[in-house]
Structures are given as structure tokens and as C-alpha cells.
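Novice: can't give you the sequence, but here's the structure:
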């Protein structure tokens with residue numbers, strides 16, 4: 001590694017790494033808690049890779065224990081210029097390869113999850129005039145450390161890893177992903193569900209950091225470019241990752257967004273969740289598949305609809321319903337299914353205190369309020 005490469009690496013890590021501590025709930029109703037889970041550290045790198053050099057990186061030494069990391073790259077190249085980028089582990093074994101022959105969105109190329117101790121090397125071979133920039137790196141720790149605050153019974157979590165559910169419920173996880181986004185040095189996670197082969201449904205409020213932004217900033221193209229959706233079970237070693245291409249629709253009043261997504265590797269496909277064409281009913285049994293606190297995929301069972309019609313979060317109309325499934329901040333954007341595995345809603349809000357008393361119910365948006373189309 002050259003002296004120049006070494007100097008920008010250490011200066012960036014020591015000066016720009018942002019360790020994002022979660023906000024703790026103050027009581028069983030979640031007063032003071034956030035709707036998003038901030039997880040990991042965002043390193044704004046902005047460094048150009050040295051052509052012909054290994055460009056070694058080691059993030060774990062300076063920032064602490066890291067489960068894996070991802071890098072966001074950008075390519076600037078003349079027409080017909082050829083380039084070949086190999087990402088290698090500490091033994092120089094190839095982990096992933098990108099090249100000019102692939103159909104890539106050159107302004108936003110996400111790497112896969114990069115595991116392992118020690119150095120990772122970005123090995124570039126390119127024609128003259130080619131620049132490849134490491135725009136940013138997101139470091140993922142083992143887990144977010146915050147208590148669950150939307151629990152019907154304190155200390156009792158009514159959800160379990162999806163692989164421990166019965167076979168018929170495990171398949172629900174195929175259409176559900178953990179959405180990880182970053183912007184202006186902040187990273188966060190939510191959940192989302194595939195509603196078409198290249199469409200993901202999630203919450204509007206998952207489209208920007210919770211503080212320091214305007215409503216118009218939510219789900220802008222820059223945030224879309226900085227979003228990746230992991231559809232795998234997160235502990236299976238499989239690469240089922242999708243990137244956001246553009247925002248098809250966003251609705252602040254009803255708190256949903258529909259994203260056009262594409263497989264990061266260019267060859268994966270999604271099986272969308274089937275949608276029910278009738279509204280939920282009071283006391284109906286339901287299921288939520290989600291990523292509470294950015295955990296691996298979980299399923300909430302043994303819960304039900306409380307109020308089938310409820311006022312929306314902005315006070316306009318009654319697009320919501322309430323339910324008693326246990327959730328967490330990273331559960332925002334998670335699908336709500338009926339017992340026939342059909343999509344009936346989208347979870348979006350935790351407990352609240354109308355009249356100063358904790359209502360002990362979570363809120364979802366009825367799916368017919370989101371996907372209904374007028375002639």
C-alpha cells in the first residue's frame with residue numbers, strides 16, 4: 001500500500017467514522033424512542049483507487065468489532081474504456097469481481113457483505129482515464145443494543161427467528177428484506193416486502209434520517225442510490241441483495257413508498273407476496289415478518305388485529321389498523337400477513353399515548369389503502 005493510500009485511509013477512519021448509538025426507550029410505551037434503528041458506522045471515504053495497486057483496507061482495527069462491511073463505489077470512465085476490479089481477502093483470495101463488461105449503475109455500485117478479520121484489498125487494473133472511487137463504507141456490528149419497546153409483556157418477546165417457524169410460515173420470508181440506507185453520515189435499517197418482481201414496498205419514514213432533514217428529502221434519488229435490500233435470512237451465507245434504482249411512488253400522509261429495485265448481482269429474482277383484496281377484521285389472527293432492531297429475519301406469531309379501522313398518523317382519514325404483534329424500530333415497513341399468507345397491511349408505528357395513557361397497540365396501514373388504483 002502506498003504512503004498516499006495509507007494516509008487517506010487512517011485520516012478518514014479516525015476523523016469521519018460515526019458510531020451510531022441507539023436511542024433508548026424511556027418506558028414500556030417507548031417514550032423517547034425512535035421509529036428507525038440506527039446501526040453500524042458510516043465512513044465517508046471519497047478516495048480514488050490506485051490503478052495497479054492493492055489499495056488495502058482494514059476497518060476493524062480502528063473502529064472495533066465488525067461483523068461485516070460493505071463499500072459503495074462509483075466509476076468514472078471514458079466510453080469503451082476497460083477496467084477490472086477484484087476485491088480480495090487478507091490472503092488475496094478473490095471475494096468479488098466487477099468489470100466494465102457488466103451492466104452496472106456506475107454511480108452507485110454496492111459490494112457484497114465482506115467478512116473476515118484483517119485486510120481487504122481493492123485490486124484495480126484499468127485503462128487510462130478510469131477512476132474508481134470508494135464513496136463510503138458501512139460497518140455492521142453483531143447486533144443493535146437496545147431494548148424492545150413495543151412488547152405486550154415486558155421482557156417477553158413474541159417473535160422468533162424465521163427458520164424456527166413451521167414450514168408454511170418460513171416461506172413468507174422469501175418476499176421480505178432488511179432495507180439498509182445511509183445519507184449524510186447516518187445509516188439506518190427498516191423492513192420491506194416485494195409486491196412485484198422489481199418493486200419493494202416500505203414506509204415513507206424509512207427514506208431519510210429522522211432528524212435534520214426536510215420532508216422533501218425523504219426518498220430522494222441520492223438516498224435511493226445509497227440503499228441496499230438484503231432478502232436473505234442474514235445467517236445463511238447466500239447473496240440475495242437488491243439495490244434501489246428509483247422511487248416509483250412515495251406518500252407521506254399514508255407513510256409508504258414503492259421502490260424499483262434490481263438484483264445487485266444482476267441475476268436474482270423475487271417472488272412477490274400475494275395480496276388480499278379484502279380488509280382486515282377485528283380479532284383476526286395475523287403474522288408479521290420483520291427485522292426488529294436490524295436483527296436477522298424474525299416472525300411475530302400469536303397476535304391479532306385490535307381495531308380494523310384507525311386514524312392515520314397525520315390525522316387525515318382512517319387508512320390504518322391496530323394490532324398487538326411485538327415489534328421494534330427496525331420493523332418499520334414490515335408486511336402483515338393473514339393466516340393464508342396473504343399481504344393485508346404494512347406495519348409502521350409503535351405504541352403511543354393518546355390522552356396520556358399507553359395504548360399498547362402497534363399500527364399498520366391497510367394494504368388496500370396503498371395498492372388500490374382508481375380506474
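Specialist: Yep, it's here. Just so it is clear, the model here is predicted, and its values are computed rather than measured.

Novice: can you tell me the closest non-neighbouring residue to residue 77?
Specialist: residue 130 (4.4 Å; Cβ to Cβ, 6 or more residues apart in numbering). C-beta: built from backbone N, CA, C; applies to glycine.

Novice: verify the stated contact: that neighbour with residue 83.
Specialist: Yes: using Cβ atoms under 8 Å, residue 130 is in contact with residue 83, at 4.6 Å.

Novice: joint contacts of the two?
Specialist: Common neighbours of residue 130 and residue 83, using Cβ atoms under 8 Å, 6 or more residues apart in numbering, are 75, 77.

Novice: tell me which stretches of the stretch 151-300 of the chain form helices.
Specialist: Secondary structure of the stretch 151-300 of the chain by DSSP state H, counting those that start in this stretch: the helices cover 167-170, 221-225.

Novice: in the longest one, what's buried?
Specialist: This points to helix 221-225. For helix 221-225, the neighbour count (16 or more other Cβ atoms under 10 Å) marks 223, 224, 225 as buried.

Novice: for the first one, which non-adjacent residue is closest in space?
Specialist: So the one you mean is residue 223. residue 183 (5.0 Å).

Novice: burial count for the one you found?
Specialist: 20 (other Cβ atoms under 10 Å).

Novice: before we move on, what about residue 56?
Specialist: 18.

Novice: list just the nearest of the buried residues of helix 221-225 to residue 47.
Specialist: Residue 47 lies nearest to residue 225 out of these, by Cβ to Cβ, at 18.3 Å.

Novice: these two touch, right, that closest one and residue 106?
Specialist: No: using Cβ under 8 Å, residue 225 is not in contact with residue 106; the gap is 11.1 Å.

Novice: mind showing which ranges of the stretch 1-150 of the chain have poor pLDDT?
Specialist: Applying pLDDT under 70 to the stretch 1-150 of the chain flags the ranges 1-41, 59-65, 116-119, 141-150.

Novice: quickly note the distance from residue 277 to residue 344.
Specialist: 10 Å (Cβ to Cβ, to the nearest Å).

Novice: more crowded one of the two?
Specialist: Comparing residue 277 with residue 344 by other Cβ under 10 Å, the one with more neighbours is residue 344, at 25 against 10.

Novice: please give the element, helix or strand, for that one.
Specialist: strand 343-349 (DSSP states H and E).

Novice: list the buried ones in the helix or strand following that strand?
Specialist: Counting by DSSP H and E, the next helix or strand C-terminal to strand 343-349 is strand 362-366. By neighbour count on 16+ other Cβ under 10 Å, the buried set for strand 362-366 is 362, 363, 364, 365, 366.

Novice: and for stretch 46-57?
Specialist: Neighbour-count burial for stretch 46-57 [16+ other Cβ under 10 Å]: 47, 48, 49, 50, 54, 55, 56, 57.

Novice: which ones among the residues you listed are found in strands?
Specialist: 47, 48, 56, 57 (DSSP state E).

Novice: I'd say the third one and residue 89 touch.
Specialist: In other words, residue 56. No: contact criterion Cβ under 8 Å: residue 56 and residue 89 do not qualify, at 11.0 Å.

Novice: let me know the outermost residue of the protein.
Specialist: Centroid-distance maximum for the chain: residue 128 at 36.2 Å, with Cα atoms, centre = their mean.

Novice: give the contact list for it.
Specialist: residue 81.

Novice: now residue 314, what's its secondary structure?
Specialist: What DSSP: H, G, I helix; E, B strand; the rest coil gives for residue 314 is coil.

Novice: please report how far the residue nearest to residue 77 lies from residue 213.
Specialist: Residue 130 is 34 Å from residue 213, by Cβ to Cβ.

Novice: more neighbours: which of those two?
Specialist: More crowded of residue 130 and residue 213, by other Cβ under 10 Å: residue 130, with 20 against 16.

Novice: so who does the more buried one touch?
Specialist: 51, 75, 76, 77, 78, 81, 83.

Novice: among those residues, which pair sits farthest apart?
Specialist: Maximum distance among those (Cβ to Cβ): 13.8 Å, for 51 and 78.

Novice: dump the residue contacts of residue 248.
Specialist: Residues in contact with residue 248, defined by Cβ under 8 Å, 6+ apart, are 199, 258, 259, 260.

Novice: give the PyMOL command for selecting the buried subset of the residues you listed.
Specialist: Filtering the contacts of residue 248 down to the buried ones (16+ other Cβ under 10 Å) takes a single PyMOL command:
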select buried, resi 199+258+259+260
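
Novice: most widely separated two among the contacts of residue 248?
Specialist: 258 and 260 (7.9 Å).

Novice: give me the common contacts of those two.
Specialist: Residues touching both residue 258 and residue 260 (Cβ under 8 Å, 6+ apart): 199, 247, 248.
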